[in-house]
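In: after the sequence you'll find the predicted model.
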Amino acid sequence: MTLLHQAAPGDGTAASVEPADLLPLRITLDDGDSPGDVVDALALASFTTGAQPWARSASVSPARPDATLLPPGARVIRRSEADSRTVLLAEGPGWTLKASWWHNGGTVNADVTVTAADDDLAQTVLAQAVDGAEEEKPTEDDVVAMGFWHLAAGRGPVRARRRIEAPGWDAVRGNYTRTVADAFDGLMRLKPDQVAGRLLLMHGPPGTGKTTALRTLARAWRDWCTVECVLDPERLFADPGYLIEVALGPQRQHHGSPDDSGEEQWRLLLLEDCDELIRGGAKRAAGQALSRLLNLTDGLLGQGRKVLVAVTTNEDLERLHPAVVRPGRCLARVEVGPLTESEAGTWLDGVSATPPGGATLAELYALRQGPGNLLPAPAAPRDGLYL
């Protein structure tokens, strides 16, 4: 599908050019286009001409299967049903709305865009369209909802909402050595008015339980903070548009306070295994990526927004970039190491022999479970030699 414009004939005199005169208005179709493509193009007509110069958008995930995504009084003028995607175009006095929703792994995701004659009208229509559209599920003690982001080709930033098992802190506290558990005690009790520093840094060897601690933290903070896991952090800080959408886009309002004031909710961006981003040579290797991370945590980019960033890495503290670990930037900096020999013995509780020198959490679980039925028994060394 191509879009062409026919400008009105002029008298040749010098005059200011309307932006709409530089943009396409004629739609040319071919056999590669679908009805949904036509709806996408028509939705931009009033915005292109300037009749409705304001636009607002929102995503709903997961959406209720019966959600109409329409405000009261809307008149549907186009609707396309194809495969698992539905697109519709609706209008009302001074506004146009395009809504689309699709199935993704058993859930329904939706996008809504409104163009209008003024910004207040666009916001009002959008709020009415998405009001009550998100699927609400009962809260379960051991489950927390998290958003998972990735940058999709041709679609831009995509968020999928998943419910993740998250044990309580009391159930997993014994998985960590004493100093680490003491540090997490304070984090688990943290309240929004106690936030000082925007970066949560967790570093240590693989298998020490960093991800488990973050899932538990998401559960402990779920009344005031949503967790957004970024699956491609290297692309997040390389693409400013992606970063703005994930970190600074429309944030949900928290209505759990006693006065139901609709206070803006905190957002925690979870970036796992970001060794290249925050190690000592990151400035040379990652270009602007490190600068954008630092700007988000305590620079202009993060000002006025309730955004926290949690980064996990396997790097030693001495190898991290000094700008990342400087005082005042970190909300907390926790080095998660293996349990000591005594702590490992307590954790195993006689199920297996205690490893000399201690063990990581992953190693302890492997000892407790024993060799799997599908794993071959280790071969006995011949001639006393083995690798």
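Out: Structure's in. What do you need?
In: next one: Asp349 from Gly357, what distance?
Out: Applying Cβ to Cβ, to the nearest Å, the value for Asp349 to Gly357 is 19 Å. C-beta coordinates here come from the backbone N, C-alpha and C atoms, glycine included.
In: my error: substitute His203 in the last question.
Out: For His203, the distance to Gly357 - Cβ to Cβ - is 20 Å.
In: what's the answer for Gly241, then?
Out: 48 Å.
In: now the stretch 51-200 of the chain, which segments are flagged as low pLDDT?
Out: Scanning the stretch 51-200 of the chain for pLDDT under 70 picks out 104-106, 137-140.
In: CA-only coordinates of stretch 128-144 in CSV, if you can.
Out: What follows is stretch 128-144, C-alpha atoms only, in CSV (Å, rounded to 0.1, in the frame of the first residue of the first chain):
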residue,chain,number,x,y,z
GLN,A,128,-13.1,5.9,28.5
ALA,A,129,-12.1,3.3,25.8
VAL,A,130,-9.7,1.5,28.1
ASP,A,131,-11.6,1.8,31.3
GLY,A,132,-12.2,-1.6,32.7
ALA,A,133,-10.6,-3.3,29.6
GLU,A,134,-7.7,-4.9,31.5
GLU,A,135,-8.4,-8.3,32.8
GLU,A,136,-8.3,-8.4,36.6
LYS,A,137,-7.3,-11.6,38.3
PRO,A,138,-7.6,-12.3,42.0
THR,A,139,-4.4,-11.7,44.0
GLU,A,140,-2.6,-14.9,45.0
ASP,A,141,0.0,-14.9,47.7
ASP,A,142,2.6,-16.8,45.7
VAL,A,143,1.9,-15.1,42.3
VAL,A,144,2.9,-11.7,41.0
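In: for Trp347, which non-adjacent residue is spatially closest?
Out: Once flanking residues are discounted, Trp347 sits nearest to Leu364: 5.5 Å by Cβ to Cβ, 6 or more residues apart in numbering.
In: mind listing the helices for this structure?
Out: 35-42, 45-49, 119-130, 169-172, 178-188, 210-220, 233-236, 240-248, 275-278, 282-286, 289-298, 322-325, 341-348, 361-369 (DSSP state H).
In: can you flag the weakest of the ones you listed by average pLDDT?
Out: The weakest mean pLDDT among the helices of the chain belongs to helix 282-286, with a mean of 47.
In: mind listing what's buried in stretch 170-179?
Out: Judged by neighbour count (16 or more other Cβ atoms under 10 Å), stretch 170-179 contains these buried residues: Val172, Arg173, Asn175, Tyr176, Thr177.
In: quick one: the third one and Thr211 touch, right?
Out: No. At 11.6 Å, Asn175 does not count as touching Thr211 under the criterion of Cβ atoms under 8 Å.
In: okay, and the common contacts of these two?
Out: With contacts taken as Cβ atoms under 8 Å, 6 or more residues apart in numbering, Asn175 and Thr211 have no neighbour in common.
In: which residues touch the spatially closest residue to Asp239 that is not a sequence neighbour?
Out: Closest residue in space to Asp239, ignoring its immediate chain neighbours: Leu151 at 6.6 Å, by Cβ to Cβ, 6+ apart. Applying Cβ under 8 Å, 6+ apart to Leu151 gives the contacts Pro157, Val158, Asp232, Arg235, Leu236, Asp239, Tyr242.
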